[in-house]
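> Sequence plus predicted model, see below.
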Amino acid sequence: MIESKLRLPPPTRSLSARLLVLTIFFVMVAEVLIYAPSIARYRKMYLDERIGASHLATLALEAAPDHKVSAELEAELLAHAGVRTIELRNPGLAKQLMLGPAVPPTLDSVFDLREGTFVSLIADALVALGRGGDRVIHVTGQSPKDSRVIVEVVMDEAPMRAAMVDFSERILALSLVISVITAALVYASLRLLMVNPMRRLTEAIAMFRADPENASAVIVPGTRTDEIGVAQRALRDMQTRLLLALHERARMAALGAAVTRISHDLRNILTTARLVSDRIARLDDPEVRRMAPTLVSSIDRAVTLCVDTVEFARAEKPINPTQFALRDLAEDVARSLGLAMRTELAWQNEIPETLAIEADRDQLFRVLANLAANAFEAGAKRVRLSAARIAGGVSIGLADDGPGLPPRARERLFEPFAPGRPGGSGLGLAIARELMRAHDGDVALESTGAEGTVFKLFLPERRLAAE
């Protein structure tokens with residue numbers, strides 16, 4: 001039984017939740033890509049500030065008569081600049097100015113801000129963040145006050161690293177806030193524009209699946225002109241056509257069942273009439289003898305129509321594939337048509353004896369028998385069968401020397417009750433095509449004309465047995 005209630009996924013596995021998580025993830029990835037150059041720029045600005053503060057600290061030396069200050073003032077100037085030593089080279093001064101001990105401390109790394117590139121600055125910033133402890137570094141750069149002045153400082157890296165960590169935490173907090181706000185906005189927008197309409201579309205499909213013959217289950221599309229609106233209208237058209245097809249199929253099924261029962265009963269009646277007509281044909285009355293063949297022929301056509309109708313109703317029977325020789329099947333068809341007693345008809349079986357196939361033998365028998373019977377009823381005197389393996393399967397040919405098909409019959413050749421040849425019931429070719437397509441194959445008209453008619457049958461490789 002088909003469930004009419006739509007089973008929605010849990011909230012944690014819904015499309016909305018996935019969109020929310022993905023949005024946060026992508027925003028964080030973007031923030032990480034932005035963070036690397038940001039932290040590198042922050043480190044450079046920090047060092048530039050130390051260079052600028054160091055330049056200002058040396059102004060006290062320039063004001064002093066002998067370019068010297070007291071130890072207390074020197075320590076205060078170095079603490080204000082945040083460095084251990086300062087060395088300033090100014091083209092306007094005869095000598096270099098220097099604050100700090102004469103013997104500088106041991107250096108762990110040396111950096112020149114004048115030579116830094118985009119990649120190297122990022123790498124230096126990430127190394128500074130990743131290293132623990134307290135390194136002593138030497139930094140060289142141009143003074144932001146005067147580009148001609150070169151300032152060299154020795155400083156501890158720990159305060160800078162602490163400032164970079166604090167900056168990173170602020171960036172992280174800001175990124176999380178931006179991610180949540182962006183994700184919430186994207187989540188609300190996508191839920192309004194996509195998720196809710198898709199859920200309604202899915203619910204409409206589930207309702208129609210549960211009761212496809214209910215006209216109220218057909219979706220009512222909105223006025224949207226985007227892809228979802230197109231999908232809604234396409235679903236509405238499909239449901240409408242399917243609803244009409246189901247109603248037509250139900251009506252035709254009821255009609256077919258009635259016709260099948262009528263044809264079965266009518267065939268029994270006609271069989272009795274045939275026996276009576278055979279006895280009438282043996283009477284000595286000349287007038288009876290003259291009219292008896294016409295009566296018998298009419299009854300035979302009526303019996304054939306009844307048989308074909310019943311066979312057409314049974315055409316959708318599931319196939320039961322078995323392995324057999326195709327040439328032997330063709331000989332059985334000839335015997336069923338009584339060709340051995342009809343010397344005026346020729347049956348040329350040119351199928352190789354080694355050609356074995358895997359198919360439903362009874363149904364393939366019906367296909368060949370229908371095609372051959374149609375040919376002989378249309379006036380053919382010779383029917384030739386051939387078969388050969390081709391790419392992807394096997395091809396079976398059935399050629400006759402009949403008068404060919406009229407142009408109007410070719411247009412509706414495989415439609416039920418559309419006679420393809422004079423005197424036929426119009427069901428033989430329709431049955432043949434349905435049976436071949438049940439095997440994933442097909443039957444097609446290859447040629448027709450005054451020299452005869454040729455039909456080609458195809459069976460796919462997956463239905464074939466190895467020779």
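Nice, I can see it. None of the values given here were measured: they were computed from a predicted structure. Numbers count the residues shown, from 1 in each chain.
> Give the buried residues for stretch 154-166.
154, 155, 157, 160, 161, 164 (16 or more other C-beta atoms under 10 Å). (Glycine included, C-beta is placed from N, CA and C.)
> Kindly apply the preceding question to stretch 174-193 instead.
So stretch 174-193, judged by 16+ other C-beta under 10 Å, has buried residues 175, 179, 183, 186, 187, 190, 191.
> Output the residues you listed as a markdown table; include the columns secondary structure and distance to residue 147.
Formatted as a markdown table, those follow (DSSP: H, G, I helix; E, B strand; the rest coil; distance: C-beta to C-beta, whole Å):
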| residue | secondary structure | distance to residue 147 |
| --- | --- | --- |
| 175 | helix | 35 |
| 179 | helix | 41 |
| 183 | helix | 46 |
| 186 | helix | 47 |
| 187 | helix | 51 |
| 190 | helix | 52 |
| 191 | helix | 56 |
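> Helices along the stretch 51-200 of the chain, start to end?
Ranges of helices within the stretch 51-200 of the chain are 59-63, 71-81, 118-130, 157-190, 196-210, based on DSSP state H, counting those that start in this stretch.
> Need the ones you listed in JSON lines (columns: distance to residue 380).
Putting the helices of the stretch 51-200 of the chain into JSON lines (distance: least, C-beta to C-beta, whole Å) gives the following:
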{"stretch": "helix 59-63", "distance to residue 380": "120"}
{"stretch": "helix 71-81", "distance to residue 380": "113"}
{"stretch": "helix 118-130", "distance to residue 380": "86"}
{"stretch": "helix 157-190", "distance to residue 380": "68"}
{"stretch": "helix 196-210", "distance to residue 380": "50"}
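> which stretch in the ones you listed is the model least sure about?
Ranked by mean pLDDT, these bottom out at helix 59-63, which scores a mean of 72.
> Now do that helix: which elements does it pack against?
strand 97-99 (3 or more C-beta pairs under 8 Å, 6 or more residues apart in numbering; DSSP states H and E).
> redo that, cut-off 10 Å
helix 71-81, strand 85-89, strand 97-99 (3 or more C-beta pairs under 10 Å, 6 or more residues apart in numbering; DSSP states H and E).
> one step back: tell me which of the helices of the stretch 51-200 of the chain approaches residue 42 most closely.
Residue 42 lies closest to helix 157-190 among those, at 5.1 Å (C-beta to C-beta).
> Can you give the distance from that closest one to the centre of its chain?
38 Å (C-alpha atoms, centre = their mean, to the nearest Å).
> what's the answer for stretch 428-440, then?
That offset, for stretch 428-440, works out to 30 Å (C-alpha atoms, centre = their mean).
> thinking again about what came up before, output the helices and strands packed on helix 59-63 as CSV; include the columns mean neighbour count.
Listed next are the helices and strands packed on helix 59-63 as CSV, based on neighbours: other C-beta atoms under 10 Å:
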stretch, mean neighbour count
helix 71-81, 15
strand 85-89, 21
strand 97-99, 21
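> which one of the ones you listed lies closest to residue 334?
With C-beta to C-beta as the criterion, residue 334 lies closest to helix 71-81 of the helices and strands packed on helix 59-63, at 113.3 Å.
> Now distance to residue 227 too, for the helices and strands packed on helix 59-63, in TSV please.
Formatted as TSV, the entries for those read as follows, by distance: least, C-beta to C-beta, whole Å:
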stretch	distance to residue 227
helix 71-81	63
strand 85-89	66
strand 97-99	70
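> With respect to residue 214, which of those lies nearest?
Of all the helices and strands packed on helix 59-63, helix 71-81 comes closest under C-beta to C-beta, at 84.4 Å.
> just checking, what packs against the closest one?
Counting contacts by 3+ C-beta pairs under 10 Å, 6+ apart, helix 71-81 packs against helix 15-57, helix 59-63, strand 85-89, strand 97-99, strand 150-156.
> now for those, which one comes closest to residue 77?
Each of the helices and strands packed on helix 71-81 was scored for nearness to residue 77 using C-beta to C-beta, and the closest is helix 15-57 (4.0 Å).
> pLDDT score for residue 133?
At residue 133, the pLDDT recorded in the model is 67.
> do the same with residue 226
The model reports residue 226 with a pLDDT of 79.
> Over to residue 364?
91.
> Which strand or helix spans it?
Assigned by DSSP states H and E, residue 364 belongs to helix 361-377.
> Ok, residue 431 next?
helix 428-438.
> Show the average pLDDT along that helix.
84.
> Show me what it is packed against.
Against helix 428-438 (3+ C-beta pairs under 10 Å, 6+ apart) you get helix 286-313, strand 356-359, helix 361-377, strand 442-449, strand 452-460.
> Partner strands of the shortest one, with direction?
Under the criterion DSSP bridges, strand 356-359 sits next to strand 322-325 (antiparallel) in its sheet.
> How far off centre is the partner strand?
On C-alpha atoms, centre = their mean, the centre of strand 322-325 falls 38 Å from that of its chain.
> before we move on, back to that, identify each buried residue in the helix holding residue 431, please.
428, 429, 430, 431, 432, 433, 434, 435, 436, 438.
> what's the angle between it and helix 361-377?
150 degrees (axes from the mean of the first three to the mean of the last three C-alpha atoms, to 10 degrees).
> and the angle for helix 428-438 with strand 452-460?
Going by the same axes, to 10 degrees, helix 428-438 makes 20 degrees with strand 452-460.
> hey, C-alpha coordinates of helix 428-438 in PDB?
Output in PDB follows, covering the C-alpha atoms of helix 428-438 (Å, rounded to 0.1, in the frame of the first residue of the first chain):
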ATOM      1  CA  GLY A 428      -1.200  -9.400 -35.800                       C
ATOM      2  CA  LEU A 429       1.500  -6.700 -36.200                       C
ATOM      3  CA  ALA A 430       0.400  -4.900 -33.000                       C
ATOM      4  CA  ILE A 431       0.800  -8.200 -31.000                       C
ATOM      5  CA  ALA A 432       4.200  -8.900 -32.700                       C
ATOM      6  CA  ARG A 433       5.500  -5.500 -31.700                       C
ATOM      7  CA  GLU A 434       4.300  -5.700 -28.100                       C
ATOM      8  CA  LEU A 435       5.900  -9.200 -27.700                       C
ATOM      9  CA  MET A 436       9.200  -8.100 -29.200                       C
ATOM     10  CA  ARG A 437       9.400  -5.000 -27.000                       C
ATOM     11  CA  ALA A 438       8.700  -7.200 -24.000                       C
END
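> burial count for residue 216?
8 (other C-beta atoms under 10 Å).
> pretty sure it contacts residue 239?
No: the pair residue 216 / residue 239 is not scored as a contact, 11.0 Å apart, by C-beta atoms under 10 Å.
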